Every structure is written in C-alpha cells, then in structure tokens.
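Trainee: pasting the sequence and the predicted model now:
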Amino acid sequence: MKNRSILLSVIAASIGVAQITNGQQAAADVSTVPVLRIDAGRVTGESSPALYGLMTEEINYSYEGGLYGELIRNRSFEANPIWPIYWEVVGNPEVALDKNQPLNETLSVSLKVDARGATEQAPEGIANGGYWGIPVKPEMTYHVSFYAKSDNFRGPLTVALVSTNGQTIFASAQVRRISPGWKKYSVSLKTKNVEPSKDNVLEITTTSPGTIWFQQVSLFPSTYDKRPNGLRPDIMELLAAMHPQFLRFPGGNYLEGNTISERFNWKNTIGSVTQRPGHKSPWGYWSTDGLGLLEYLEWCQDLHMQPLLAVYAGLTLGGQHITPGPDLAPYVQDALDEIEYVTSSTSTKWGAQRAKDGHPAAFPLRYVEVGNEDYNRSSEYDGRFTQFYDAIKTKYPNLQVIATASVTSRTPDLIDEHYYRSQEEMEANANQYDERPRNGPKVFVGEWATRVGSPTPNMAGALGDAAWMTGMERNSDLVLMASYAPLFVNVSKLTGADKSMQWMTDLIGYDALTSYGSPSYYAQVMFSTMRGNEILGTHSQNIPTREWQRRAFRGRELSPQQIPQIFFDATRDSGSGVIYLKIVNEAGTPQSIDIQITGTTAIQPQGEAVVLAANSPDDTNSIDEPDKIAPHAEEVDNLSTNFTREFPPYSITVLKLKTR
C-alpha cells in the first residue's frame, strides 16, 4: 500500500504531456485551435466546500468482507436457519445448529460441535475461510474471540491460522479449559515474517473428546486507528486520500430493505455486538450489523467528514409502506430518537445510550435525508415527507432536511437527485445545471456514476465522470453535495453462486488481501483535492464535437446530438490566488487549446499539471495492476495570460496557475 497516502504524487507513468508554449508561438492557423477564456475578474458563485463526499451501503460485500474489519463469515450462525454455512469441519465431528442453547435472546442459536472422536492423531473441530479467504500478513497480530460452553470437555482448544491446504500453520494459541456456562474466550495470534496470502482459514480444534457449543466467533486484524470493532486500514487510507467532506449513510436500498422487518433498524445496530441480531440485506446476503450507527459516526470522525444521516421513511423495496398519519408516527419518533443519539447530551435518553456505548461526546449533524429514491415508487411521499419534516424542524430547527422526490406541501432544504448513465449520456448532460433556476431547493446528487467498466470503472468511465464533475463544480453554488455510488466492490468472485458483486461499476475494488482505486477513483481524488472556493467565469469557442445517438433511452427516442470532446471548469482559491483549471479530453487524439486569462495582471510562468491519462478508454486498474492508470504531477513552464497547451488523448488534467 505504499504511495497510497499521497496519491497525487504517485506513479511516474509514461504519459506524454506536450510542452506549454506562449500563445504567440501557437500554430499558424490559430482560428482552428479551440479557445478557452477564463475571466479571473468575474466570480460567478461560491463553490460549496462540502461538494465531494461518500455514499455508502451494504452492497457488493461493502462491509461484510469489505470495510468492516471482521474476517469470519457467519460468525453468529444466523445467516442460515438450517445449516452453519461458510463453516467446515476439521476431522469428523458432528455439527448442528442448536436453538436450545442460545447465548442470549438476541443470538438465539449456537453451533454444537460433537468432537467425541478427537485424538492426538486425529484432531476435530471447525474452520472458517472468511470472505473468499483469510488474509495473512507478516508481523500482524490477530485478535480471536468466541463464546463457548461445555459440560464434558477438559481441553485444550487450539486456535490457529492455517493455509487452506493444511501445510502451513502461521500462528496458534490455546484455550486451556471451557466452562459449563457461556463465557467469552480471547487469544492473540502473531504471525512471523511470512509472505502475504489469502488462501487461509481459521481453525478451532481439539485432541480431547467432548461436546462444545460456540457463538460469536470473531477474528480481527489491526484496524484503522486501532479502533475496537473497527475498519480495514488499506480501504480507509484510500478514502482518506479523497478528502471527503461528508458520509451519506446507511444507504439507499440498504436503508429501506426488501421488507419492513429488513430495513436498517438503527436501534438493533448499537451496543455490544452480542446484542445485534443482524438482518438480511436487500442484495441477498446476511449483514451482522457489526458496522452499526456508532461505527458510521466514528468513521466520519476518523476521516473528518460530516455525517449525512438518512432516516427510514416508511417505504420498502418490496412495496410495503406505512401510510402517513398515526401509522407513520412511531417511525417519525424513531428518526427523532436517532438524531438524539447522534447529537444530544448525555442528559438525554439516547445521548446517555451513546455514552454507554463508549462515546460520551455528541457528534455534529447538519443534514438529515428522509427516505431514498421515492420519486419512482410512492405516491404518498409528499405526506410522509411532510410528517418527518415538521417533526424534525420542530425539535431541531437548524437541521437541513433533504427530500428524495419532488414535494409540494413543504419546501425541502435540498433535493436528492440520482444519475446512473453511460459515458455519452454523462457528457451530453454535463451542462445540465448551467441553466437551472437558483430559486428552488439546493441540489444533492446523492448517487451518480458513469456505468462503464466492471467490476470497477475503466478510463471511459473516468472521462464521463470527470465531464459530469466539471458541470457540478461550475454550478456548485447550486449543487452543494455529490457522492459517487456504489463506493465498494469485493472482486473475489464476480459470477456464479455466492458471488461477491451484485452491481457493476464501483469506485474501489478489493479482495481479502489487497485493494485498489479505479481510474474514476483517481479522477475523484483530483477533483476533490484541487479546487478553489470561487467559481470563475469561462467561455469557449471552436471546441471540437462528435455526433452521438442513442435510441430507446428510458423509453424515448433521442435525436443525434453534438457532444463536446473537451470539458472544463475553473475555480480559484481566494486565499492563495491559485486558479485550478480542469480540462477533460475525451477524444482519442491530442487536443491543443489556446487558454486566455483576463481579469488578472499576470500569471506566474511556473505552475503544475496533474494528469490522468490512458492509451485506450478500455484501460483500467485491477487487483493485479492497481496503478496502471494513476495521476502523475509535473512542473510546467512558460505560463502566461495567453498560452497554448496540448492535452493528451483520453485524459483529465488539472492545471494549477498562480496569479502574481
């Protein structure tokens, strides 16, 4: 994971970038050269400081087998009511789920392991291979814990990290005895200087005969900032490099669930993990809710993000819904309780619960979103939104309330708009907000992506994303926040039964051992870390175009369109005076642009260019080639208020221009 902490100085890739020449030395036929004019004396708006953030939910094994640090799959044996799936036997013990020996009322089933045939020569026990492998890394300490009980077992139990083929034991420890009543047992496993690998399992075995019951078997490596029940460091480092300003959680579809009982019920996700029952996610697999409400908030704290809290609004993916009025009232109260848990002092009921859970200090909160994508699934949203809006504003008048569909009875502070489009569609709509009236609600683009590439976007996807982001930046006085989705995908098993991906084109990919950012991820890093607070006026002429036509897009015929091949926006940091000029060249040929800057006395001759480029729009990153496409920075000379630069094919460039 070296170089990930300073992503924009990574990879001196062989990307050809032409030298900058003075505008007077440009090609003889300047009339055919595209011209981009920046009026540094005309500020068209203030750029939203919270524009770029993260949207997250449980999809593509985003938490289970992803960001959440737990390595054991089906640790509480709740994922299947009939059989302990994802667990295997070592030797020949008899195993079964036992509802007569629950750990507590929440975790109401345990795993019975009858190891009556165990001997020194033939150990018996259980093993878990995690989420398509258990990662073993050198000099790493792993924390193992489980609850167990036995009436006839003298011990010991051996806990070990073992290669799948059984030939290598990386680390082991023993639990001497197991008591007759439920008790928590913990050991640490420390690896030596071994080669990193993922084809491994956790084994719990014995050479002494007996019957043992297990519950909540857990294996954690080191976590980000060493938080207990914490998050995976390499993925968190990728997120930190994006400098995200907010986190929208807990989702999307994951918030709603397929049924009311499968919604994200936040009260079931706080407190001890032994009191979290878990639930089935809308994408067909089990969520332990180990990453619950408090963990989301601590995630925000660790990356210095604002929490953007989405509350359940009474509608499910399967069509179940709660009618506005008395039936909806308990769910409105549930949202108020959740806001109290996040923001209130320990003198309140839910503030006290937060303190009991280990975090006495309240969290900042500015935005609350009511529901998800109600624009196409509910005719009752206006009434439901009104009920939530009135209750939230009455108790928390300073909170900004976000609607997910048009409403008439109340005026939301923001409206959440979602866009999943092809590269051409993103580019064709890059100016979508240029003419949007400023007298309505502000905009939150809560989910968006150029859906090109799988499992993560290729360079074509990044070009579409960058074109779209120039439009959002140019209008970030209106578009206050935006978040790409989905954020994560486990790339271990992309097809077939028990596949790890349910939705293609995701920003960050990983397997059990390593992770990587897509070209779109690097485009996000460039845009989010290099922009000013002032939006500058821009004008262009002679920008080359190409013709595009797509039929039957969302049920309507589209006529041929002329789509620009170059997209741009300019912002300025009012403190330093640096102008950030972003240029996207989606063409397969280099493009020379005459850049003219007015409204400033001079531009310093030295500046910097950060470039993301590829030889083909199909080029992409992967587990095997994580940095095939990554930004590279270089110094540039001969800058002035009038210069010409050639931009490589299939490229995204940020020019940093220093005013004198």
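Mentor: It's in. Numbers count the residues shown, from 1 in each chain.
Trainee: what segments of the stretch 451-600 of the chain are strands?
Mentor: Using DSSP state E, counting those that start in this stretch, the strands found in the stretch 451-600 of the chain span residues 479-484, 488-490, 508-510, 515-517, 534-541, 545-548, 561-564, 566-572, 578-585, 591-598.
Trainee: tabulate those strands (JSON lines), appending distance to residue 78, mean neighbour count and mean pLDDT.
Mentor: Backbone N, C-alpha and C define where each C-beta goes, glycine included. Converted to JSON lines, these look like this (distance: least, CB to CB, whole Å; neighbours: other CB atoms under 10 Å; pLDDT from 0 to 100):
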{"stretch": "strand 479-484", "distance to residue 78": "31", "mean neighbour count": "26", "mean pLDDT": "98"}
{"stretch": "strand 488-490", "distance to residue 78": "20", "mean neighbour count": "26", "mean pLDDT": "98"}
{"stretch": "strand 508-510", "distance to residue 78": "25", "mean neighbour count": "26", "mean pLDDT": "98"}
{"stretch": "strand 515-517", "distance to residue 78": "27", "mean neighbour count": "25", "mean pLDDT": "98"}
{"stretch": "strand 534-541", "distance to residue 78": "51", "mean neighbour count": "17", "mean pLDDT": "95"}
{"stretch": "strand 545-548", "distance to residue 78": "50", "mean neighbour count": "12", "mean pLDDT": "88"}
{"stretch": "strand 561-564", "distance to residue 78": "50", "mean neighbour count": "16", "mean pLDDT": "89"}
{"stretch": "strand 566-572", "distance to residue 78": "49", "mean neighbour count": "25", "mean pLDDT": "97"}
{"stretch": "strand 578-585", "distance to residue 78": "47", "mean neighbour count": "24", "mean pLDDT": "98"}
{"stretch": "strand 591-598", "distance to residue 78": "56", "mean neighbour count": "20", "mean pLDDT": "97"}
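Trainee: quick one: closest of these to residue 628.
Mentor: Set against residue 628 and scored by CB to CB, the strands of the stretch 451-600 of the chain come closest in strand 515-517, at 9.3 Å.
Trainee: just how off-centre is the closest one within its chain?
Mentor: 12 Å (CA atoms, centre = their mean, to the nearest Å).
Trainee: elements contacting that strand?
Mentor: Helices and strands touching strand 515-517, as assessed by 3 or more CB pairs under 8 Å, 6 or more residues apart in numbering; DSSP states H and E, comprise helix 233-240, strand 508-510.
Trainee: ranking these by burial, who's on top?
Mentor: strand 508-510 (a mean of 26; mean count of other CB atoms under 10 Å).
Trainee: quick check: neighbours of it in the sheet, parallel or antiparallel?
Mentor: strand 488-490 (parallel), strand 515-517 (antiparallel) (DSSP bridges).
Trainee: which other residues reach the last one?
Mentor: Contact with strand 515-517 is made by 1, 7, 232, 234-235, 238, 456, 507-510, 525, 621-623, 626-627, 630, as judged by CB atoms under 8 Å, 6 or more residues apart in numbering.
Trainee: against residue 645, how distant is residue 587?
Mentor: Distance of residue 587 to residue 645, given as CB to CB, to the nearest Å: 15 Å.
Trainee: ah, wrong one, I meant residue 344
Mentor: According to CB to CB, residue 344 and residue 645 sit 54 Å apart.
Trainee: quick one: which of those two has more around it?
Mentor: residue 645 (24 against 18; other CB atoms under 10 Å).
Trainee: quick one: secondary structure of the more buried one?
Mentor: Using DSSP: H, G, I helix; E, B strand; the rest coil, the structure places residue 645 in strand.
Trainee: who does it bridge with?
Mentor: Under the criterion used here (DSSP bridges), residue 645 is bridged to residue 593.
Trainee: wait, it sits on residue 593?
Mentor: Yes - between residue 645 and residue 593 there is a contact under CB atoms under 8 Å: 6.0 Å.
Trainee: overlap in contacts of the two?
Mentor: By CB under 8 Å, 6+ apart, no residue touches both residue 645 and residue 593.
Trainee: got the contact list for residue 421?
Mentor: Per CB under 8 Å, 6+ apart, neighbours of residue 421: 429, 449, 450, 451, 464.
Trainee: same thing but at 10 Å, please
Mentor: The neighbours of residue 421, taking CB atoms under 10 Å, 6 or more residues apart in numbering as the test, are 427, 428, 429, 448, 449, 450, 451, 452, 464, 468, 553.
Trainee: low-confidence ranges, the chain, go.
Mentor: Within the chain, the stretches with pLDDT under 70 are 1-31, 376-378, 550-558.
Trainee: cutoff 50 now
Mentor: 1-30 (pLDDT under 50).
Trainee: list the contacts of the residue nearest the centre of it.
Mentor: Closest to where the C-alpha atoms of the chain average out (CA atoms, centre = their mean) is residue 487, at 3.2 Å. Going by CB under 10 Å, 6+ apart, residue 487 touches 54-57, 59-60, 62, 66-67, 235, 239, 242, 244, 247-248, 449, 506-508, 521.
Trainee: quick one, helices of the chain?
Mentor: Counting by DSSP state H, one finds helices in the chain at the ranges 233-240, 253-256, 293-302, 329-343, 349-356, 381-395, 423-428, 459-474, 519-529.
Trainee: would you turn these into a markdown table with distance to residue 174?
Mentor: Shown next, in a markdown table, are these (distance: least, CB to CB, whole Å):
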| stretch | distance to residue 174 |
| --- | --- |
| helix 233-240 | 29 |
| helix 253-256 | 40 |
| helix 293-302 | 31 |
| helix 329-343 | 41 |
| helix 349-356 | 34 |
| helix 381-395 | 54 |
| helix 423-428 | 57 |
| helix 459-474 | 50 |
| helix 519-529 | 43 |
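Trainee: mean neighbour count, the ones you listed: which tops it?
Mentor: Highest mean neighbour count among the helices of the chain (mean count of other CB under 10 Å): helix 459-474, a mean of 28.
Trainee: export it to PDB, keeping only CA atoms.
Mentor: C-alpha atoms of helix 459-474 as PDB (Å, rounded to 0.1, in the frame of the first residue of the first chain):
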ATOM      1  CA  MET A 459     -10.900   5.100 -18.300                       C
ATOM      2  CA  ALA A 460     -14.100   5.700 -20.300                       C
ATOM      3  CA  GLY A 461     -16.000   5.700 -17.100                       C
ATOM      4  CA  ALA A 462     -13.500   8.200 -15.600                       C
ATOM      5  CA  LEU A 463     -13.800  10.500 -18.600                       C
ATOM      6  CA  GLY A 464     -17.600  10.500 -18.300                       C
ATOM      7  CA  ASP A 465     -17.300  11.100 -14.500                       C
ATOM      8  CA  ALA A 466     -14.900  14.000 -15.000                       C
ATOM      9  CA  ALA A 467     -17.100  15.600 -17.600                       C
ATOM     10  CA  TRP A 468     -20.000  15.400 -15.200                       C
ATOM     11  CA  MET A 469     -17.900  16.800 -12.300                       C
ATOM     12  CA  THR A 470     -16.900  19.900 -14.300                       C
ATOM     13  CA  GLY A 471     -20.600  20.600 -14.600                       C
ATOM     14  CA  MET A 472     -21.200  20.200 -10.900                       C
ATOM     15  CA  GLU A 473     -18.200  22.300 -10.000                       C
ATOM     16  CA  ARG A 474     -19.200  25.000 -12.400                       C
END
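Trainee: can you state the direction angle for that helix and strand 479-484?
Mentor: Counting by axes from the mean of the first three to the mean of the last three CA atoms, to 10 degrees, helix 459-474 points 160 degrees away from the direction of strand 479-484.
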